[in-house]
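S.K.: Okay, structure incoming, though there's no sequence with it:
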């Protein structure tokens, strides 16, 4: 049965980093198929919020539900199940340097329960084609450009057809042209129905690819759906 529940539902949550409160009593929702930017100065709580959403940091106060999982009550053996329904993309790629692109993706498939080799081969080809890298399966990560490596990371995140991609500064190490190409790829993925929550420091990208914005500021969240704010300079970030 098709559910209309939000893919992310945060109610009165307090986010901690190293026992310090970085976001206090925040509430917001992200609907299926929505594209949302997450911004804020360094240290404002962006990464801590994302890590809490995918259960890398514990939630002690408030309620967070992500793709049907109660993050406060989630058990350690449920975390892999949560992460099969979300795709996580990091700034620093985190590819295995001693394995080919295909081996990197196969590792994730096996780790998330894939067993049928024929299905794995087909899915591998599908996700590489989806990110515009049809011919790199046998290449090693060091043979690829930064933009190509990030596309591999996106392909890896798409393997299990996630309901939402959570991307932490995915264009932070890329030049502006390549960053724009990655954003266009995210838009294509989003149009196919996958929600995207992307942390960024680049107001230029937000101007070029307008979408809803959540801003971490003064231990709270400002939502562009309810409050208007301008992007004047990088100092805001």
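M.R.: Structure's in. What do you need? Everything quoted here is computed from the prediction, not taken from an experiment. Residues are numbered from 1 along each chain as shown.
S.K.: only C-alpha atoms for contact and neighbour calcs from this point on.
M.R.: Noted.
S.K.: Stretch 159-177: end-to-end distance?
M.R.: Taking CA to CA, to the nearest Å, the first and last residues of stretch 159-177 lie 26 Å apart.
S.K.: what comes up buried for that stretch?
M.R.: Using 16 or more other CA atoms under 10 Å as the test for burial, stretch 159-177 gives 159-160, 162-172, 174.
S.K.: Averaged pLDDT, it. What do you get?
M.R.: In this model, stretch 159-177 has a mean pLDDT of 92.
S.K.: I'd like the buried residues of stretch 159-177 as a markdown table, with distance to residue 90 and secondary structure appended.
M.R.: As requested, these are exported to a markdown table (distance: CA to CA, whole Å; DSSP: H, G, I helix; E, B strand; the rest coil):
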| residue | distance to residue 90 | secondary structure |
| --- | --- | --- |
| 159 | 16 | coil |
| 160 | 17 | coil |
| 162 | 16 | coil |
| 163 | 17 | coil |
| 164 | 14 | strand |
| 165 | 11 | strand |
| 166 | 9 | strand |
| 167 | 6 | strand |
| 168 | 5 | strand |
| 169 | 7 | coil |
| 170 | 6 | coil |
| 171 | 9 | coil |
| 172 | 9 | coil |
| 174 | 12 | coil |
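S.K.: Of these, just say which sits nearest to residue 143.
M.R.: Proximity of the buried residues of stretch 159-177 to residue 143 (CA to CA) peaks at residue 174, which lies at 16.2 Å.
S.K.: what residues are up against the closest one?
M.R.: Shown in contact with residue 174 (CA atoms under 8 Å, 6 or more residues apart in numbering): 146-147.
S.K.: any chance you could read off phi and psi for it?
M.R.: phi -110, psi 150 (degrees, to the nearest 10).
S.K.: So residue 99 sits against residue 140, correct?
M.R.: Yes. Taking contacts as CA atoms under 8 Å, residue 99 lies within contact range of residue 140: 6.2 Å.
S.K.: which of those two has more neighbours?
M.R.: residue 140 (19 against 15; other CA atoms under 10 Å).
S.K.: so what's that one scoring on pLDDT?
M.R.: pLDDT at residue 140 comes out at 96.
S.K.: List the contacts of the nearest residue to it once chain neighbours are set aside.
M.R.: Setting aside the residues directly before and after it, residue 140 is nearest to residue 100 in space (CA to CA, 6 or more residues apart in numbering), at 4.3 Å. The contact partners of residue 100, taken as CA under 8 Å, 6+ apart, are 137-141.
S.K.: which one of those residues has the most neighbours?
M.R.: So for the contacts of residue 100 (other CA under 10 Å), the most neighbours sit at residue 141, 21 neighbours.
S.K.: my guess is that one meets residue 149, correct?
M.R.: Yes. Between residue 141 and residue 149 a contact is recorded at 6.4 Å, counting by CA under 8 Å.
S.K.: mind checking how far residue 159 is from residue 38?
M.R.: In this structure, residue 159 and residue 38 are 24 Å apart, going by CA to CA.
S.K.: and the residue nearest the centre of the chain, what are its bridge partners?
M.R.: With the centre of the chain defined as its mean C-alpha position, the nearest residue by CA atoms, centre = their mean is residue 166, 1.4 Å away. Residue 166 has the following beta-bridge partners by DSSP bridges: residue 88, residue 197.
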